[in-house]
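Have a look; sequence and predicted model below, questions after that.
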Amino acid sequence: MDIYIEKLQVTDAEGLYKFELENRLFFEEMVPTRGDDYYNPEIFKNRHEALLEEQVQGDAYFYLIKDKDSSIIGRINVVDIDKSQKIGHLGYRVGQAHIGKSIATKALKLLLETVIEIDIKQIKAKTTTNNIASQRVLEKNGFERIATVGEEFELNGQKLNFVYYILTIRVSSY
């Protein structure tokens, strides 16, 4: 499947809200819930505006993963950017209908080409011990597994740990 990533814009609010709502139960099987308030249309709109402001400030970059028809099929972000250290934290999610199609792997590859332009030198990521697919996405894109934290937490009745990854971006000079 051909995909592209596009920086989050004001006009994406309605489509993104629909995407998040349609995939809520699926996402909540793998990651802690964002809470009921997140899905309140007015609160979602306000949060969307806050994300756009954060992006303008250079503290985070939010991208939508889109298919050839410009439909939102996922999102991928670099957040909590430490500008002095040039370090950001990765987050991504792909809609349930598009799982198993290498969408996250392709989107991350596209994002890594983009972060060079925004002067990020290192990206940190974390996933859970049960999310093997996410671990594969990170490893296929060159991330190195650096730790599994021993402190367990419970998600949907399952005891889990976080698995931490890091990628140092080396810019080759020709």
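Everything's here; your move.

Could you point out the helix or strand that follows the helix or strand of the chain at the bottom of the mean pLDDT ranking?
Least confident helix or strand of the chain, by mean pLDDT, DSSP states H and E, is strand 153-155 with a mean of 71. Using DSSP states H and E, the helix or strand that directly follows strand 153-155 along the chain is strand 158-160.

doesn't residue 100 fall inside a strand?
No - judged by DSSP: H, G, I helix; E, B strand; the rest coil, residue 100 forms no part of a strand; its state is coil.

what about it, distance to residue 133?
When distance is defined by CB to CB, to the nearest Å, residue 100 is 8 Å away from residue 133. Just so you know, the C-beta spots here come from the backbone N, C-alpha and C atoms, and that holds for glycine as well.

and these two? which has more neighbours close in?
The neighbour count for residue 100 versus residue 133, taken as other CB atoms under 10 Å, is higher for residue 133 (14 against 7).

Just the buried positions in the lengthiest strand in the chain, please.
If you go by DSSP state E, the chain has its longest strand at strand 72-82. Along strand 72-82, these residues count as buried under the neighbour rule (16 or more other CB atoms under 10 Å): 72-78, 81.

Show me which pair in those is furthest apart.
With distances taken as CB to CB, the most widely separated pair in the buried residues of strand 72-82 is 73 and 81, at 24.8 Å.

can you tell me the helix or strand for residue 52?
Assigning secondary structure by DSSP H and E places residue 52 in helix 41-57.

Show me what that helix is packed up against.
On a contact count with 3 or more CB pairs under 8 Å, 6 or more residues apart in numbering; DSSP states H and E, helix 41-57 meets helix 13-28, strand 61-67.

So which residues make contact with the longest strand of the chain?
Residues from elsewhere that reach strand 72-82 (CB atoms under 8 Å, 6 or more residues apart in numbering): 3, 5, 8, 12, 15-16, 18-19, 54, 58-67, 87-95, 97-98, 103-104, 107-108, 111, 115, 118, 120, 123.

of these, buried ones?
Listed as buried from these are 3, 5, 8, 12, 16, 19, 54, 60-66, 87-95, 98, 103-104, 107-108, 111, 115, 120, 123; burial here means 16+ other CB under 10 Å.
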